[in-house]
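**Q** build me a model:
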Amino acid sequence: MKISIGSDHAGFLYKEAIIAHLNKAGHEVTDYGTHSADSTDYPLYVIPAAEAVARKEVDRGIVLGGSGNGEAIAANKVKGVRCALCWSHETAELCRRHNNANVISIGERTIPLTLALEIVDIWLQTPFESGRHERRVAELAAYEDGAGVSGMVALLERKTTL
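**A** Numbers count the residues shown, from 1 in each chain. The predicted structure follows:
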(Lines give C-alpha, C1' and ligand atoms only; values in the text may rest on other atoms or scores of the structure.)
Protein backbone atom coordinates (compact mmCIF):
# COMPACT_ATOMS: atom_id res chain seq x y z
CA MET A 1 0.00 0.00 0.00
CA LYS A 2 1.16 3.57 -0.70
CA ILE A 3 1.01 5.83 2.34
CA SER A 4 1.80 9.51 2.83
CA ILE A 5 2.99 10.77 6.19
CA GLY A 6 3.54 14.20 7.67
CA SER A 7 4.17 15.66 11.11
CA ASP A 8 5.32 18.69 12.98
CA HIS A 9 8.19 18.62 15.46
CA ALA A 10 6.00 17.15 18.21
CA GLY A 11 5.20 14.10 16.10
CA PHE A 12 8.62 13.69 14.51
CA LEU A 13 9.90 10.76 16.60
CA TYR A 14 6.74 8.69 16.07
CA LYS A 15 6.74 9.60 12.38
CA GLU A 16 10.21 8.16 11.98
CA ALA A 17 9.26 4.99 13.90
CA ILE A 18 6.06 4.55 11.88
CA ILE A 19 7.94 4.96 8.59
CA ALA A 20 10.38 2.22 9.63
CA HIS A 21 7.47 0.01 10.73
CA LEU A 22 5.60 0.53 7.45
CA ASN A 23 8.70 -0.04 5.32
CA LYS A 24 9.41 -3.29 7.19
CA ALA A 25 5.84 -4.41 6.41
CA GLY A 26 6.40 -3.73 2.70
CA HIS A 27 4.46 -0.48 2.32
CA GLU A 28 5.67 2.40 0.16
CA VAL A 29 5.87 5.59 2.23
CA THR A 30 6.14 9.18 1.03
CA ASP A 31 7.47 11.42 3.81
CA TYR A 32 6.28 15.03 3.64
CA GLY A 33 8.31 16.06 6.70
CA THR A 34 9.19 17.58 8.99
CA HIS A 35 12.69 16.15 9.03
CA SER A 36 13.80 17.13 12.54
CA ALA A 37 12.50 17.84 16.02
CA ASP A 38 13.04 21.61 15.54
CA SER A 39 9.89 23.61 16.17
CA THR A 40 7.76 24.10 13.06
CA ASP A 41 4.17 24.57 11.91
CA TYR A 42 2.11 21.42 11.24
CA PRO A 43 0.01 22.72 8.29
CA LEU A 44 3.20 22.90 6.18
CA TYR A 45 3.62 19.10 6.37
CA VAL A 46 0.17 17.76 7.12
CA ILE A 47 -1.69 19.44 4.26
CA PRO A 48 0.67 18.14 1.54
CA ALA A 49 0.38 14.61 3.00
CA ALA A 50 -3.42 14.91 2.93
CA GLU A 51 -3.39 16.37 -0.58
CA ALA A 52 -1.51 13.30 -1.82
CA VAL A 53 -4.42 11.17 -0.55
CA ALA A 54 -7.00 13.45 -2.17
CA ARG A 55 -5.13 13.31 -5.51
CA LYS A 56 -4.99 9.49 -5.16
CA GLU A 57 -1.20 9.49 -5.42
CA VAL A 58 -1.27 7.33 -2.29
CA ASP A 59 -3.89 5.02 -0.81
CA ARG A 60 -3.88 6.45 2.71
CA GLY A 61 -2.21 9.06 4.90
CA ILE A 62 -0.95 9.39 8.46
CA VAL A 63 -0.40 12.71 10.21
CA LEU A 64 1.14 13.31 13.61
CA GLY A 65 1.69 16.00 16.19
CA GLY A 66 1.70 16.47 19.93
CA SER A 67 -2.01 15.81 20.44
CA GLY A 68 -2.98 15.06 16.84
CA ASN A 69 -5.88 17.50 17.07
CA GLY A 70 -4.48 20.33 14.96
CA GLU A 71 -3.18 17.84 12.44
CA ALA A 72 -6.62 16.22 12.06
CA ILE A 73 -8.20 19.65 11.62
CA ALA A 74 -5.63 20.61 8.98
CA ALA A 75 -5.99 17.33 7.07
CA ASN A 76 -9.78 17.65 7.07
CA LYS A 77 -9.49 21.01 5.31
CA VAL A 78 -8.46 19.07 2.18
CA LYS A 79 -11.43 18.13 0.00
CA GLY A 80 -11.82 14.36 -0.19
CA VAL A 81 -9.99 13.64 3.05
CA ARG A 82 -11.68 11.97 6.00
CA CYS A 83 -9.14 12.18 8.81
CA ALA A 84 -9.84 10.63 12.21
CA LEU A 85 -7.94 11.26 15.42
CA CYS A 86 -7.06 7.83 16.82
CA TRP A 87 -5.97 7.01 20.37
CA SER A 88 -7.09 3.39 20.80
CA HIS A 89 -7.61 0.12 18.98
CA GLU A 90 -11.33 0.83 18.83
CA THR A 91 -10.98 4.32 17.33
CA ALA A 92 -8.64 2.94 14.65
CA GLU A 93 -11.03 0.15 13.73
CA LEU A 94 -14.23 2.19 13.79
CA CYS A 95 -12.86 5.10 11.77
CA ARG A 96 -12.16 2.66 8.93
CA ARG A 97 -15.16 0.37 9.36
CA HIS A 98 -17.78 3.12 9.73
CA ASN A 99 -16.23 6.31 8.31
CA ASN A 100 -13.88 4.99 5.61
CA ALA A 101 -11.18 7.26 7.05
CA ASN A 102 -8.43 7.64 4.48
CA VAL A 103 -6.16 9.56 6.87
CA ILE A 104 -5.51 9.12 10.58
CA SER A 105 -3.98 11.49 13.08
CA ILE A 106 -1.99 10.38 16.11
CA GLY A 107 -0.72 12.43 19.05
CA GLU A 108 2.82 11.56 20.10
CA ARG A 109 2.32 13.15 23.51
CA THR A 110 -0.88 11.21 24.23
CA ILE A 111 -0.16 7.51 23.68
CA PRO A 112 2.82 5.13 23.85
CA LEU A 113 4.68 4.29 20.63
CA THR A 114 3.68 0.62 20.81
CA LEU A 115 0.02 1.63 20.81
CA ALA A 116 0.59 4.05 17.92
CA LEU A 117 2.08 1.23 15.82
CA GLU A 118 -0.82 -1.07 16.72
CA ILE A 119 -3.29 1.67 15.71
CA VAL A 120 -1.58 2.02 12.34
CA ASP A 121 -1.75 -1.76 11.74
CA ILE A 122 -5.40 -2.04 12.76
CA TRP A 123 -6.37 0.92 10.58
CA LEU A 124 -4.53 -0.47 7.57
CA GLN A 125 -6.08 -3.93 7.96
CA THR A 126 -9.67 -2.90 8.65
CA PRO A 127 -12.02 -2.77 5.64
CA PHE A 128 -14.80 -0.24 5.11
CA GLU A 129 -18.09 -1.88 6.07
CA SER A 130 -20.18 0.02 3.46
CA GLY A 131 -23.93 -0.54 3.91
CA ARG A 132 -25.55 2.21 5.96
CA HIS A 133 -22.15 3.82 6.46
CA GLU A 134 -21.69 4.34 2.71
CA ARG A 135 -24.72 6.65 2.66
CA ARG A 136 -23.25 8.76 5.46
CA VAL A 137 -19.89 9.09 3.74
CA ALA A 138 -21.74 10.10 0.54
CA GLU A 139 -23.64 12.77 2.49
CA LEU A 140 -20.36 14.21 3.72
CA ALA A 141 -19.01 14.26 0.16
CA ALA A 142 -22.17 15.99 -1.08
CA TYR A 143 -21.81 18.67 1.57
CA GLU A 144 -18.15 19.08 0.72
CA ASP A 145 -19.12 19.54 -2.94
CA GLY A 146 -21.32 22.48 -1.98
CA ALA A 147 -24.72 20.80 -1.72
CA GLY A 148 -25.31 22.10 1.80
CA VAL A 149 -27.54 20.36 4.29
CA SER A 150 -30.54 20.50 1.93
CA GLY A 151 -28.49 18.63 -0.68
CA MET A 152 -27.56 16.01 1.88
CA VAL A 153 -31.24 15.54 2.75
CA ALA A 154 -32.13 15.28 -0.95
CA LEU A 155 -29.46 12.62 -1.40
CA LEU A 156 -30.89 10.68 1.53
CA GLU A 157 -34.42 10.93 0.15
CA ARG A 158 -33.30 9.70 -3.30
CA LYS A 159 -31.53 6.70 -1.79
CA THR A 160 -34.48 5.71 0.39
CA THR A 161 -36.94 5.81 -2.53
CA LEU A 162 -34.82 3.63 -4.83
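
**Q** quick check: Glu93 vs Thr34, distance?
**A** 29 Å (C-beta to C-beta, to the nearest Å). Heads up, the C-betas are built off the backbone N, CA and C, glycines and all.

**Q** the two: which is more packed in?
**A** Neighbours were counted for Glu93 and for Thr34 using other C-beta atoms under 10 Å; Thr34 has more, 23 against 16.

**Q** wait, that one sits on Phe12?
**A** Yes: counting by C-beta atoms under 8 Å, Phe12 is a contact partner of Thr34 at 5.9 Å.

**Q** do you know how far the residue nearest in space to the middle of the chain is from Glu51?
**A** What sits nearest the mean C-alpha location of the chain, by C-alpha atoms, centre = their mean, is Val103, with 1.3 Å. Per C-beta to C-beta, Val103 is found 11 Å from Glu51.

**Q** also Asp59?
**A** 14 Å.

**Q** more crowded one of the two?
**A** Legend: neighbour count by other C-beta under 10 Å for Asp59 and Glu51, higher for Glu51 (20 against 15).

**Q** how about that one: what's its closest non-neighbour residue?
**A** Leaving aside its chain neighbours, Glu51 sits nearest to Val78 (5.5 Å; criterion: C-beta to C-beta, 6 or more residues apart in numbering).
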